[in-house]
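Trainee: Give me a model of this one.
(one chain, ligands or ions: 2)
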Amino acid sequence: MFADRAKIIIKSGKGGNGHVSFRREKYVPAGGPDGGDGGKGGDVIFQVDKGINNLSDYRHKHKFAAQPGEEGGKRNCHGKNGADLVLKVPEGTVVKEAQSGKVIADMSGDNQRQIVLVGGRGGLGNQHFATSTMQAPKYAQPGGECIELEVLLELKVLADVGLVGFPNAGKSTLLSRLSNAKPEIASYPFTTLHPILGVVDIGEGRGFVMADIPGLIEGASEGVGLGHQFLRHIERTKVLVHMVDGASVDGRNPVDDVIAIQKELSNYSEVLTKKPQIIAVNKLDAVPDQKDEILKELKDKFESEEVKVMPISAVTGEGIKELVHEIADILSNFDDKPIVYEQEYDPQEHLFENETFTVTKSEEEEGVYLVEGPKIEKMLGYTNMESEKGFLFFQRFMKEQGILKELEQLGIQDGDTVRLYSLEFEYYK
Ligand SMILES: Nc1nc2c(ncn2[C@@H]2O[C@H](COP(=O)(O)OP(=O)(O)OP(=O)(O)O)[C@@H](O)[C@H]2O)c(=O)[nH]1
Ligand SMILES: [Mg+2]
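Mentor: Numbers count the residues shown, from 1 in each chain. Ligands and ions are numbered 1, 2, ... in the order given. As a prediction, the model looks like this:
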């Protein structure tokens, strides 16, 4: 079954706890602490797999979890890291937070692999907490939290050109003529049941991708027929070829058809109406005598700077060359990059949404400021300061959470120390 939507729950691995233990050696009555660190929890990673073209893998199973890290052991034994979970998706899959619909990841273009949920960091074993005054610490750090999130996967295929129109207009016939795609073609409506992509070769090593989607009918944008869910697939296209049956084989009127489909496009999204459009008047081979009249009527009514009306016959091939030429012409105004969606939601940032923190000036040490609380612990639990991305996130976190502002209000000066548990840095404005 072809599936282009799925709702699943994903969960990263919790970090393994740090361990509390003490060395035991012969003739040494009380050895030092030797509790090892916990392992890091596994990440949930989305990865494009060019070998799959839909989301059916996610229709039957709904929960996907990376492995937790193992607890540290005695004798400084490091707990094993939890295995990452790699979820393979077709190119063009958009991962959204299920409640808000905000984009977390767009698996297309340069973004072929993205860590969506970071596993918790491993907790430090008690050996890290020995100090001159506390030589036998009974404390070890707990592992970092895992994150569980419901996400919506939506496939929005990557095509340059979208083919739209009523069922039976001849969309698939055109695609099969122009590309190596082999869509089913038949003289009844709703022959095509899911989007089909074809590469159209325009010579000199150039080409474009055309998407044939199931036919639209009135009410498609409200979910009637198959239309609505498939309009999603043309959101990324740069040009729309709006195909209309010029011969009225199904007894409808071409002018009314064009109006009806344009209404559906604009009801679905303004984005679609802003795309350049070509109205391809098909099946004109079937009405040789009325051809000119039909074409003139459509041109008078719909042709404008943005919309061109072109006669074709997907069966005889008449007008096809001109159509492809026109498409290529419009596409040459765009760069080759696919339209991608920006990230609007970072699951990591929401992990500590309802948690609190405090900012205080140390009473014992001069020029030291303490930032503490569950929010900070959680943030540190998954942020990898050694990676550039983690460090940038940390900087943004300090600003967005108002921590920097609070430090300033407490009178922090350049060169003072900011301490977040085991992490310390010098403050410079
Ligand atoms: N005479 C004539 N018939 C055509 C032409 N193009 C397509 N047809 C016929 O129209 C019928 C429908 O063609 P399809 O390509 O399956 O139409 P479609 O728009 O993909 O239809 P759906 O997938 O149902 O939306 C078939 O019987 C085709 O042979 C044409 O240029 N001239
Ligand atoms: Mg079709």
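
Trainee: Leu370: neighbour count?
Mentor: 18 (other CB atoms under 10 Å). In this view, the C-beta of every residue, glycine as well, is placed from N, C-alpha and C.

Trainee: Contact residues of this protein facing ligand 1?
Mentor: With the criterion set to CB under 6 Å from any ligand atom, the chain comes near ligand 1 through 165, 167-173, 185-187, 189-192, 214-215, 282-283, 285-286, 313-315.

Trainee: Just the buried residues out of the residues you listed, in ChimeraX syntax.
Mentor: In ChimeraX, this line selects whichever of these come out buried by 16 or more other CB atoms under 10 Å:
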select :165,167,168,169,170,171,172,173,185,189,191,192,214,215,282,283,285,286,313,314,315
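
Trainee: Next step: the residues of the chain next to ligand 1 restricted to strands.
Mentor: Per DSSP state E, strands hold the following members of those: 165, 282.

Trainee: and the nearest residue to Thr383 once chain neighbours are set aside, how far is that from Phe166?
Mentor: Leaving aside its sequence neighbours, Thr383 sits nearest to Gly390 (CB to CB, 6 or more residues apart in numbering; 4.8 Å). Separation of Gly390 from Phe166 (CB to CB, to the nearest Å): 52 Å.

Trainee: Look at the two and report which has more neighbours.
Mentor: Each of Gly390 and Phe166 has its neighbours counted (other CB under 10 Å); Phe166 has more, 25 against 15.

Trainee: Could you point out the helix or strand that follows the helix or strand bottoming out on mean pLDDT in the chain?
Mentor: Using mean pLDDT, DSSP states H and E, helix 227-231 stands out as the lowest-scoring helix or strand of the chain, at a mean of 75. Going down the chain from helix 227-231, the next helix or strand is strand 239-245, by DSSP states H and E.

Trainee: Send over whichever helix or strand comes after that following strand as CSV, restricted to the C-alpha atoms.
Mentor: Where DSSP H and E defines the elements, the next helix or strand beyond strand 239-245 is helix 254-268. What follows is helix 254-268, C-alpha atoms only, in CSV (Å, rounded to 0.1, in the frame of the first residue of the first chain):
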residue,chain,number,x,y,z
PRO,A,254,-13.5,23.0,-20.4
VAL,A,255,-14.0,26.6,-19.1
ASP,A,256,-16.0,25.4,-16.1
ASP,A,257,-13.4,22.7,-15.5
VAL,A,258,-10.5,25.3,-15.4
ILE,A,259,-12.5,27.5,-13.0
ALA,A,260,-13.3,24.6,-10.7
ILE,A,261,-9.8,23.3,-10.5
GLN,A,262,-8.4,26.8,-9.9
LYS,A,263,-10.9,27.3,-7.1
GLU,A,264,-9.7,24.1,-5.5
LEU,A,265,-6.0,25.1,-5.8
SER,A,266,-6.7,28.5,-4.1
ASN,A,267,-8.9,26.9,-1.4
TYR,A,268,-6.1,24.6,-0.6
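
Trainee: Okay, strands next: where are they in the stretch 301-429 of the chain?
Mentor: 307-311, 358-361, 368-372, 417-420, 423-426 (DSSP state E, counting those that start in this stretch).

Trainee: possible to save these as a markdown table with mean pLDDT?
Mentor: Listed next are those as a markdown table, based on pLDDT from 0 to 100:
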| stretch | mean pLDDT |
| --- | --- |
| strand 307-311 | 95 |
| strand 358-361 | 92 |
| strand 368-372 | 93 |
| strand 417-420 | 92 |
| strand 423-426 | 88 |
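
Trainee: So for ligand 2, which of the ones you listed sits nearest?
Mentor: strand 307-311 (19.4 Å; CB to the ion).

Trainee: Give me the buried stretch members for stretch 33-43, please.
Mentor: Buried positions in stretch 33-43, judged by neighbour count with 16+ other CB under 10 Å: 33-43.

Trainee: next one: stretch 273-283
Mentor: Buried, per 16+ other CB under 10 Å, within stretch 273-283: 275-283.

Trainee: Check stretch 353-369 too.
Mentor: Neighbour-count burial for stretch 353-369, counted by 16+ other CB under 10 Å, picks out 357, 359, 368-369.

Trainee: got it, and stretch 313-326?
Mentor: 313-315, 319-320, 323-324, 326.

Trainee: Quick one: end-to-end length of stretch 175-195, please.
Mentor: Using CA to CA, to the nearest Å, the end-to-end distance of stretch 175-195 comes out at 11 Å.
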